[in-house]
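# predicted model follows, preceded by the sequence.
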Amino acid sequence: MTPEEFRRYGHEVIDWIADYQERLESFPVLSQVAPGDVRAALPPDPPERGEPFEELLSDLDELILPGITHWQHPAFFAYFPANASGPAILGDLLASGLGVQGMLWATSPAATELETHVLDWLATLLDLPARFRSDGPGGGVIQHTASDAALVALLAALHRASGGRTEHEGVAAGRYAVYTSGQTHSSVEKACRIAGLGADALRKVDVDPQTLAARPEHLRALIDADRAAGIVPAFVVASVGATGTGAVDPVREFAAIARAAGAWLHVDAAWAGVAAVAPEFRWLNDGLEGADSYATNPHKWLLTNFDCDAFWVADRTALLGALSILPEFLRNAATESGTVIDYRDWHVPLGRRFRALKLWAVIRWYGAEGLRAHIRQHVALAQEFAAWVAGDDRFELVAPHPLSLVTFRLRAGDDETLGLMHRVNASGELYLTHTQVGGRTALRLAIGSPWTQRRHIEAAWQALSR
Ligand SMILES: *Cc1c(COP(=O)(O)O)cnc(C)c1O
């Protein structure tokens, strides 16, 4: 593809995306295809001769779009929305155009330095503790996802707990333990499996039945029991905005307990953390100055398309100790000088995309003011929706809802609640998902699309209450 051809088709692709944004509401939110439908429509073999790009675009409309669940649809309320935005898409496109591998500072100095800088900017925007900034022993990095963040935090924790031995000896079964609330995301268990600890190393901390926050007394009891049995408490995860219900664990108390036990505290605020761009939500940061690492996803609720998890450590020594290997083919003067960051040592892969560009584009386009307005609008809509639920005797709210997630159910029971979800989802008008709270089924309405307006929330409530 010559630059001239690229220009032509590039314009068409941008037009396609802009048209898509304009007609988002004309699609059913949830894809209606059956398993195998998409593949059955595709030719069994790859083409022998190259094809015109127009044909790809027309197949995109005919074959692919029906199999798309429209995550950017204003009535997408499932999981946590993964909101994209114009500046993020364009920033991502520029990263693709540059096509650099920012694994070392030397392989593209701007890719590293912009990333460090933008993560410091984000720390400023969220008012994070100074220890996470790059001018001290800490610093930030973009991970693919919050799951990657939890994994590398666990590896750093094991490095620290073992005095640097785990990289050589591995982890013996039953030697280290990990603690997290029963409400915590499955990524923590996955990290335990990948790190070789096994899921048996994971201890689930009980939650308070009202607030659904993990109980510090139980964390302390679990840690004491492990220590008495000769097991090393290595890693504690607190959630700020648990996936099911949005519950917020008591980070300050967790930090004190983890510190006393010599364990690493990772705070997972994948969805909720970015709300701290608005000062009235800075309570989300309470106790963070006692955390060893912190993660939040601009790719969930800060207008940056997937993937973009912002991850900070208070002291990068353990992270580098866990992940740094310097083979001969990567040796270079800048690395040897010790004055640069090589982000290959901060995550699982070697190579890395220039993801800072899209976050930079988002922050510059919206400004702090625009980001605050984005968060506030969703929180206000969620509060209105929650008030409607609370005012209808057939429904009940099941968890606190200070942000943009509302969990609720039909008083009639679990089957009725699930039945309601299946019916509204099948209508194509909106899409929401469910969770379990206290052993009972609840529906989650998570607001996050930048296209969502009040009329979409009203329509969702009308569909549910009808
Ligand atoms: C969504 C979520 C995750 C996982 O997010 P990925 O970035 O997709 O790995 C982890 N923790 C919490 C609290 C989440 O809400």
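In hand now; what should we look at?

# what about Arg409, distance to Arg394?
Relative to Arg394, Arg409 is positioned 10 Å away (C-beta to C-beta, to the nearest Å). Any C-beta I mention is one placed from the backbone N, CA and C, and that applies to glycine too.

# more neighbours, the two?
The residue with more neighbours, out of Arg409 and Arg394, is Arg409; 24 against 13, by other C-beta atoms under 10 Å.

# ramachandran angles for the more buried one?
Phi and psi for Arg409, reported as degrees, to the nearest 10, are phi -150, psi 170.

# also Ala238?
Geometry field for Ala238 lists phi and psi as phi -110, psi 140, criterion degrees, to the nearest 10.

# do the same with Lys204
Dihedral pair for Lys204: phi -100, psi 120, per degrees, to the nearest 10.

# now do the contacts for it.
Under the criterion of C-beta atoms under 8 Å, 6 or more residues apart in numbering, the neighbours of Lys204 are 180-182.

# ok, whatever residue of the stretch 301-450 of the chain ends up closest to the ligand - how many residues close by?
For the stretch 301-450 of the chain, the residue closest to the ligand is Asp309, as judged by C-beta to the nearest ligand atom, at 5.2 Å. Residue neighbour count, defined by other C-beta under 10 Å, stands at 25 for Asp309.

# just use 19 as the starting number from now, easier for me
Yep, numbering from 19; the last one is Asp327 now.

# highest neighbour count among the contacts of Lys222?
Busiest of the contacts of Lys222 [other C-beta under 10 Å] is Thr198, holding 29 neighbours.

# hey, what's that one bridged with?
For Thr198, the beta-bridge assignment (DSSP bridges) gives partners Lys222, Val255.

# which residues of the stretch 69-218 of the chain lie near the ligand?
98, 163-165, 203, 205 (C-beta under 6 Å from any ligand atom).

# one more: the stretch 269-418 of the chain?
For the stretch 269-418 of the chain, the contact set with the ligand under C-beta under 6 Å from any ligand atom comprises 286, 288-289, 315, 327.

# now, these that are in strands?
286, 327 (DSSP state E).

# out of the residues of the stretch 269-418 of the chain next to the ligand, what pair is the most spread apart?
Of all pairs drawn from those, the one with the longest distance (C-beta to C-beta) is Trp289 and Asp327, at 11.1 Å.

# could you export the residues of the stretch 69-218 of the chain next to the ligand as a markdown table, including secondary structure, neighbour count and distance to Pro297?
Supplementary listing: those in a markdown table, determined by DSSP: H, G, I helix; E, B strand; the rest coil; neighbours: other C-beta atoms under 10 Å; distance: C-beta to C-beta, whole Å:
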| residue | secondary structure | neighbour count | distance to Pro297 |
| --- | --- | --- | --- |
| Phe98 | coil | 23 | 23 |
| Thr163 | coil | 19 | 28 |
| Ala164 | helix | 26 | 24 |
| Ser165 | helix | 19 | 30 |
| His203 | coil | 20 | 27 |
| Ser205 | helix | 22 | 29 |
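
# could you dump the residues you listed into JSON lines with distance to Ala400 and pLDDT added?
Below are these laid out as JSON lines (distance: C-beta to C-beta, whole Å; pLDDT from 0 to 100):
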{"residue": "Phe98", "distance to Ala400": "12", "pLDDT": "94"}
{"residue": "Thr163", "distance to Ala400": "24", "pLDDT": "97"}
{"residue": "Ala164", "distance to Ala400": "21", "pLDDT": "96"}
{"residue": "Ser165", "distance to Ala400": "25", "pLDDT": "96"}
{"residue": "His203", "distance to Ala400": "20", "pLDDT": "76"}
{"residue": "Ser205", "distance to Ala400": "24", "pLDDT": "93"}
